[in-house]
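# Here is the input, now give the coordinates:
(one chain, ligands or ions: 3)
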Amino acid sequence: MVFDGCFVTGTDTGVGKTLVSAALLHTLARHHPRVVGMKPVAAGLVQQAGAWVAEDALALRAASTVAVPPALDNPVALPEPLSPHLSAARAGRCVGVAELVAAHRGLRSLADVVLVEGSGGWRVPLNESETLADLAVALALPVVLVVGLRLGCLNHALLTAEAIRADGLHLAGWVANTVDPAMACRDENIQTLRQRLRAPLLGVVPWQPVPDARAVQLELPETWR
Ligand SMILES: Nc1ncnc2c1ncn2[C@@H]1O[C@H](COP(=O)(O)OP(=O)(O)OP(=O)(O)O)[C@@H](O)[C@H]1O
Ligand SMILES: C[C@H](N)[C@H](N)CCCCCC(=O)O
Ligand SMILES: [Mg+2]
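Numbers count the residues shown, from 1 in each chain. Ligands and ions are numbered 1, 2, ... in the order given. Next up, the predicted model:
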């Protein structure tokens with residue numbers, strides 16, 4: 001099957017999905033002419049030059065090789081930094097998988113590869129009945145798991161891998177991201193996950209005083225090149 005995209009999830013919110021997604025886009029761009037990032041639901045906007053913007057969407061756009069309408073690469077931008085179902089409710093909106101799938105379809109017609117960054121972790125609620133995992137399932141995409149290396153990440157990573165597989169999706173790889181520069185036994189933790197996750201380790205990202213997606217070295221799965 002021709003590789004046309006992936007879904008990036010994480011062990012939690014704030015574990016470096018956006019940094020790793022941008023790095024993956026840069027790496028993918030060496031092999032595919034048109035790569036684009038998608039942040040289906042951004043929750044939490046910031047003011048920049050007088051406009052409210054979704055920082056994740058901006059970071060993914062900066063790493064993409066095609067410019068697309070914002071309604072496609074970030075169809076839902078919610079003001080408050082909350083779980084999407086709560087942020088949407090407080091904005092008087094209801095967000096569903098169907099509208100996000102439609103935007104993804106639009107992107108597919110404009111790019112060879114579409115990388116989708118989730119919100120928070122795997123089972124984050126989107127509305128009363130759907131989760132971000134339901135979006136990944138509807139898109140039937142291979143999944144990359146970003147593990148934020150800190151105490152507690154082993155349990156979160158192993159449970160997330162279990163859930164991805166229970167949902168019928170392929171865990172194509174994982175990335176170890178050093179979010180805690182003082183983590184004790186970091187390498188032993190990585191080794192523990194290498195033995196147990198049963199998926200390729202695509203890279204170990206060092207802690208960066210100034211995060212820079214271009215400086216992140218990642219190995220793509222063979223079938224993605
Ligand atoms: N390797 C790293 N070194 C230093 N800082 C990092 C690293 N990885 C991530 N960060 C910082 O940690 C913060 C959270 O990272 P990021 O925004 O990528 O998380 P996320 O998983 O995308 O969160 P969300 O669920 O909100 O999308 C950011 O300020 C980011 O710059
Ligand atoms: C606001 C934050 N930065 C993310 N966009 C959304 C994180 C949702 C986490 C929900 C949860 O698991 O409790
Ligand atoms: Mg993010």
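# switch to C-alpha atoms for all contacts and neighbour counts from now on
Noted.
# Give me the neighbour count for Cys185.
Neighbours of Cys185 under the rule other CA atoms under 10 Å: 11.
# Which residues are in contact with it?
By CA atoms under 8 Å, 6 or more residues apart in numbering, the contact list for Cys185 is empty.
# What separation is there between it and ligand 1?
Cys185 sits 17 Å away from ligand 1, going by CA to the nearest ligand atom, to the nearest Å.
# mind saving the C-alpha coords of the strand ranked longest in the chain as CSV?
Assignment by DSSP state E gives strand 113-121 as the longest strand of the chain. Extracted in CSV, the C-alpha atoms of strand 113-121 (Å, rounded to 0.1, in the frame of the first residue of the first chain):
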residue,chain,number,x,y,z
VAL,A,113,1.3,12.9,2.6
VAL,A,114,-0.9,14.2,5.4
LEU,A,115,0.4,14.1,9.0
VAL,A,116,-2.4,14.5,11.6
GLU,A,117,-1.5,15.6,15.1
GLY,A,118,-4.1,14.6,17.8
SER,A,119,-5.0,16.6,20.8
GLY,A,120,-3.6,15.3,24.1
GLY,A,121,-3.5,11.5,24.4
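# Give me the sheet partners of that strand and which way each runs.
Using DSSP bridges, the strands paired with strand 113-121 are strand 5-10 (parallel), strand 35-38 (parallel).
# from the chain's centre, how far out does the one helix or strand Leu159 maps to sit?
Applying DSSP states H and E as the criterion places Leu159 in helix 153-166. Taking CA atoms, centre = their mean, to the nearest Å, the mean C-alpha location of helix 153-166 is offset from the chain mean by 15 Å.
# likewise stretch 101-115?
15 Å.
# So which bits of it are buried?
By neighbour count on 16 or more other CA atoms under 10 Å, the buried set for stretch 101-115 is 101, 103-104, 106-108, 111-115.
# just the residues you listed now: which is nearest ligand 2?
Nearest to ligand 2 among the buried residues of stretch 101-115, counting by CA to the nearest ligand atom, is Leu115 at 16.6 Å.
# now that closest one, which residues is it bridged with?
Cys6, Gly37.
# Give me the distance between it and Val137.
Distance check for Leu115 against Val137: by CA to CA, to the nearest Å, it reads 14 Å.
# Next: Ala176.
23 Å.
# And the two? Which one has more around it.
Ala176 (24 against 18).
# Would stretch 2-19 count as contacting ligand 2?
Yes: on the criterion CA under 6 Å from any ligand atom, stretch 2-19 is in touch with ligand 2 at Thr13.
# what do you get for stretch 144-156?
No: residues of stretch 144-156 are not located near ligand 2 by CA under 6 Å from any ligand atom, the shortest gap being 11.5 Å.
# And for that stretch, what's in contact with it?
For stretch 144-156, contacts defined as CA under 8 Å, 6+ apart pick out 6-12, 14-17, 20, 157, 161, 171-180, 183, 186, 189, 192-193.
# same thing with stretch 8-25?
Looking at what lies outside stretch 8-25 - CA under 8 Å, 6+ apart - the contacts are 35-37, 56, 59-60, 62-64, 115-122, 143-149, 153, 156-157, 160, 175, 177, 179, 211-218.
# list the buried ones in that stretch?
Neighbour count says stretch 8-25 has 8-13, 15-25 buried, by 16+ other CA under 10 Å.
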